Every structure is written in structure tokens, then in C-alpha cells.
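Colleague: Sequence isn't available, so here's the structure alone:
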């Protein structure tokens, strides 16, 4: 029971200090955890594994050059 209380207080402290966006992100992560029946650490891993894909897509949409490129002869 003490572990559950510590998790709740830790989440509350993060939410208060992080502002509205952090609270929304925390709520979204909790929803994902419930939907996929996984823990919050797995949700964080899932999100972080998608970040490079999202950044690459955004860069292509904006028309920016990639960091590196080469020509094959």
C-alpha cells in the first residue's frame, strides 16, 4: 500500500511542477497504459521509440535538408 501512495504523490508532484502540458501528457500516458494494458515505463519506451520517426517525418514535411547525405555513382 505504501508503494501505491508513493507513486501517487510522485505523480502529483510532477504534475504540479510541470504545468498544464505536463498534466495533459501524464493523463495521455495513463490512458495509453490502460488501453494497451502496460505500465507507464513501457508507455514512455513506446513514445520515445516513435520520436525519431516523428522527427524525420516533420523534417521531410518542412522541406529541410537531412543532416547528412551522399551521392552514389
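Modeller: Good, I have the coordinates. All values derive from a computational prediction rather than experimental measurement. Numbers count the residues shown, from 1 in each chain.

Colleague: Residue 49: what's it in contact with?
Modeller: Under the criterion of C-beta atoms under 8 Å, 6 or more residues apart in numbering, residue 49 has no neighbours. C-betas here are computed from N, CA, C, even on glycine.

Colleague: what does the model give residue 47 for pLDDT?
Modeller: Residue 47 carries a pLDDT score of 84 in this model.

Colleague: Kindly report the same for residue 19.
Modeller: On pLDDT, residue 19 comes in at 84.

Colleague: pLDDT below threshold where in the protein?
Modeller: Scanning the chain for pLDDT under 70 picks out the ranges 1-18, 53-66.

Colleague: Apply 90 and report the result again.
Modeller: By pLDDT under 90, the weakly predicted segments of the chain are 1-22, 25, 44-73.

Colleague: And the helices in it?
Modeller: Under the criterion DSSP state H, helices of the chain are mapped to 2-36, 40-62.

Colleague: now residue 39, nearest residue through space, not along the chain?
Modeller: residue 33 (6.2 Å; C-beta to C-beta, 6 or more residues apart in numbering).

Colleague: The one you found and residue 49, how far apart?
Modeller: Note on residue 33: its distance to residue 49, by C-beta to C-beta, to the nearest Å, is 15 Å.

Colleague: again, but for residue 69
Modeller: Distance, residue 69 to residue 49, by C-beta to C-beta: 24 Å.

Colleague: surely residue 33 meets residue 41?
Modeller: No. Counting by C-beta atoms under 8 Å, no contact exists between residue 33 and residue 41, whose distance comes to 9.3 Å.

Colleague: okay, those two: which has more neighbours?
Modeller: Legend: neighbour count by other C-beta atoms under 10 Å for residue 33 and residue 41, higher for residue 33 (17 against 9).
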